[in-house]
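Q: Provided below for reference: sequence and predicted model.
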Amino acid sequence: MLTDLFEYKFLQYALVSGILASCACGIIGVIIVEKKMIMMSGGIAHTSYGGVGLGYLLNFEPIIGAFLFALAAAFGIGYLRRRGGERFDVIVGLFWSLGMALGILFIALMPGYPPDLNSYLFGNILTVTEFDLWLMFALTLFVVLIVAAFFNTWKAYLFDEEYTEISGFNTRVLEYLLLLLVSMSVVVLIRAVGIILALALLTAPAATSVLLTSRLSMRMVLSVLIGCFFCIAGLWLSYIADIASGAAIVMLSAVCYFTVYIIKSRVRGDKKHG
Amino acid sequence: MSETIVKVKEMSVYYGGVNALSDINLEVKKGDFLGIIGPNGGGKSTLLKAVLGLVPLNTGEVRIFGEKPEKARNKTGYVPQYIGLDKSFPVTVNEVVLTGRLKPGIKPFFRYSKSDREAVDEILSKVGIHALSKRRISELSGGEFQKMLIARALVSRPELLLLDEPTASVDARSREQIYSLLSELNKDMTIILVTHDLFAVSTQVKSLACLNTNLVYHGKPELNESIVHNLYGCPVDLIAHGVPHRVLGEHEHGDCGGSIC
């Protein structure tokens, strides 16, 4: 594979996009696992399918449509959560399926043969284009910079939102900024593993890092590294075994998480009994 | 006549569609140590949040140091109820207390200064948990966690300290320590404390308010039966087990019928 990597551009693109996706989802993943926003992120990811459909229908770049829909979903869910009243999981569930339904509708309205949407649903890291790569690069850079530059504020906000408000910060701005970062990460992930599998790459590296360290910054670093490992190893697996790249990456992530989980609980059990 | 620190005028608050507070008038002078007691759901926490400007008022106004609460936040320290916080969050005691030194504004790549760190060390020693500075918050006991929250509020050197149930889920020894710390702090700080801990509040505070949607009583820390009747709807024996002296006068008649009021 190594010689192929130097020879074929699509393999290089795949590798770089895997690393970019790991950076974005590693950092944001730690935050959403800590803030218990996993299902909400799933809702945001799935709503973006409507944007993919709209892109095809109106003939613009589907990934831009996905980003706009993800953003609308994130802000919509965030607004309704802040207002309270309705059950939060109901809202997430409805956004989730409404987005998918809109995607199906838009595709059906398209004249001629429907396009192959598998690469958006399940991702295909091997078909990443140069445009995709630049988009992923810009989004990832933004996510990493915003989190790193205001790390101390984020840490205070994640631990105690109310106190951060009292300290003089506008937590509404922080909340919507976080939602923006989540939707950006989701878009980065769509190219790598697809809408349906995005949730795995958003949670598995972060959840694995939770088992391994109890420092927030270390969790983020570790989660990025674990994500990179999942992406590169998954890519290699898909290459040699000729299976879908998204599926390979996700299966590897899940297997690794559960392996670490079992080892960790064994060790903890030994400590208790010993 | 000493300076008025907190002034609440004809304040009403609806919280989640419920009339949580109605027509509250309250004045707290500089150097006071006010205890607020009342039944669960009586609006105690909401009153603190209104004083901090965290909940919108329906009517009336709140002035802290003569200003809107939002403007006075740099002079106000707040110790929230600790059940609302995630004890498994990956931070150390030191890191939590440092967040009390965060200043508002957009400051990219902000790092805490040396004086921030020294202030944290000093406060941690004062509160008595300096040895736990590097400890993860998930490894703290209830009392230690509460002391950490007090330290976070103190590290910004406030002139007014608001505490919401600081002795809930705290063992008896830590409770003693927290109250003696508060009375020492009261020498140069105005304190408002919300609690269900009736015994301690009556013996430690300088003045007392009883809250059940309305303020039922506000004055010297002496409870009598009619106040408590208004507050809880029936006479309640306020005396905790093992408490050496009675706070209240004897009940004249037990018309509670033995039922839970």
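A: Ah, there it is.

Q: what count of nearby residues applies to B:E61?
A: 12 (other CB atoms under 10 Å in any protein chain shown). Using the backbone N, CA and C atoms, a C-beta is placed for each residue, glycine as well.

Q: how close does it get to B:L26?
A: Here B:E61 is placed at a distance of 12 Å from B:L26 (CB to CB, to the nearest Å).

Q: do a quick rundown of the helices in the chain.
A: By default, I'm working from chain A. A:2-7, A:9-34, A:38-58, A:62-83, A:88-109, A:118-121, A:130-149, A:151-159, A:161-166, A:171-193, A:198-212, A:216-241, A:245-273 (DSSP state H).

Q: wrong chain, I was asking about chain B
A: So, for chain B - with DSSP H - the helices run B:44-52, B:93-98, B:114-127, B:142-154, B:172-185, B:198-204, B:225-232.

Q: quick check: neighbours shared by B:E61 and B:L26?
A: B:V8 (CB atoms under 8 Å, 6 or more residues apart in numbering or on different chains).

Q: surely A:L252 meets A:L235?
A: No: in this structure A:L252 lies outside contact range of A:L235 using CB atoms under 8 Å: 9.8 Å.

Q: in the stretch 151-261 of chain B, what residue is nearest chain A?
A: B:R152 (7.4 Å; CB to the nearest CB).

Q: for that residue, the count of nearby residues, please.
A: So B:R152, with other CB under 10 Å, has 28 neighbours.

Q: check it and give its pLDDT.
A: pLDDT, B:R152: 96.

Q: just list the residues touching it, thanks.
A: A:Y163, B:V79, B:V96, B:V97, B:T99, B:G100.

Q: just those now: which is nearest A:Y8?
A: Ranked by distance to A:Y8 (CB to CB), those are led by B:T99 at 49.0 Å.

Q: gap between whichever residue of chain A sits closest to chain B and A:S238?
A: Residue nearest to chain B within chain A (CB to the nearest CB): A:G168, separated by 3.0 Å. Note on A:G168: its distance to A:S238, by CB to CB, is 49 Å.

Q: okay, those two: which has more neighbours?
A: A:S238 (22 against 13).

Q: that one reaches A:A244, doesn't it?
A: Yes: using CB under 8 Å, A:S238 is in contact with A:A244, at 6.5 Å.

Q: count the residues that sit near whatever residue of the stretch 101-250 of chain B ends up closest to chain A.
A: Minimum separation of the stretch 101-250 of chain B from chain A (CB to the nearest CB) falls at B:P104, amounting to 3.0 Å. By other CB under 10 Å, 14 other residues sit near B:P104.

Q: same question for B:I192.
A: Neighbours of B:I192 (other CB under 10 Å): 24.

Q: also B:S133?
A: B:S133: 17 neighbours (other CB under 10 Å).

Q: state the phi and psi torsions of it.
A: phi -50, psi -40 (degrees, to the nearest 10).

Q: so what's it up against?
A: Contacts of B:S133 by CB under 8 Å, 6+ apart are B:T92, B:V93, B:N94, B:V120, B:D121, B:L124.

Q: among the residues you listed, name the buried ones.
A: Neighbour-count burial (16 or more other CB atoms under 10 Å in any protein chain shown) is assigned, among the contacts of B:S133, to B:T92, B:V93, B:N94, B:V120, B:L124.
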